[in-house]
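In: Provided below are the primary sequence and the corresponding predicted coordinates.
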Amino acid sequence: MTAIAGGGNFGRPGARRVASAGADSLKAGQFAAGSMGPKVEAAIAFATATGHSAAIGRLEDAMAILRGGAGTRIDPGNAEISLR
């Protein structure tokens, strides 16, 4: 869990949150190293190694994350990036 609600182009015009993505669809270094980068890299490593989805989000949003209504889900494989 993190203090940030979701990933995706922070500080850039037109920024949108990443709702879900396949581990193979994301690139290393695509997210800021001091922010979402380490979280996304860890989620990619988990999804790739286990074949199970990983989720990134705030602890207080845990139930919504489990329902798919908050946070960012990283799935194993090459699913397309879905934005909120």
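Out: Good, I have the coordinates.
In: going forward, measure contacts and count neighbours with C-alpha atoms only.
Out: Will do.
In: so where do the strands sit in this protein?
Out: 18-22, 54-56, 72-75, 82-83 (DSSP state E).
In: what's the single longest helix in this structure?
Out: helix 37-50 (DSSP state H).
In: Pass me the low-pLDDT residue ranges in the protein, would you?
Out: Scanning the chain for pLDDT under 70 picks out 1-11, 28-29.
In: for the residue of the chain most remote from its centre, what are its contacts?
Out: In the chain, counting by Cα atoms, centre = their mean, Pro13 sits farthest out from the average C-alpha position, at 19.4 Å. Pro13 makes no contacts at all, as judged by Cα atoms under 8 Å, 6 or more residues apart in numbering.
In: how much space between it and Gly71?
Out: 20 Å (Cα to Cα, to the nearest Å).
In: Repeat that for Ile81.
Out: In terms of Cα to Cα, Ile81 sits 14 Å off from Gly71.
In: Settle it for me: which of the two has more neighbours?
Out: Here Ile81 and Gly71 are compared on neighbour count by other Cα atoms under 10 Å; more neighbours surround Gly71, at 26 against 15.
In: So that one sits against Ile65, correct?
Out: Yes. Contact criterion Cα atoms under 8 Å: Gly71 and Ile65 qualify, at 5.5 Å.
In: got any residues that touch both of these two?
Out: 55, 57.
In: Tell me how far the residue nearest the centre of the chain lies from Val18.
Out: In the chain, the C-alpha nearest the mean C-alpha coordinate belongs to Thr72, at 3.7 Å (Cα atoms, centre = their mean). Taking Cα to Cα as the measure, Thr72 falls 6 Å from Val18.
In: sorry, back to before: looking at the strands of the chain, which is closest to Lys39?
Out: Evaluated with Cα to Cα, the strands of the chain place strand 54-56 nearest to Lys39, the distance being 7.1 Å.
In: tell me what the closest one is packed against?
Out: Strand 54-56 sits against helix 37-50, strand 72-75, with contacts defined as 3 or more Cα pairs under 8 Å, 6 or more residues apart in numbering; DSSP states H and E.
In: now the longest one and strand 18-22, what's the angle there?
Out: Using axes from the mean of the first three to the mean of the last three Cα atoms, to 10 degrees, the direction of helix 37-50 lies 40 degrees away from that of strand 18-22.
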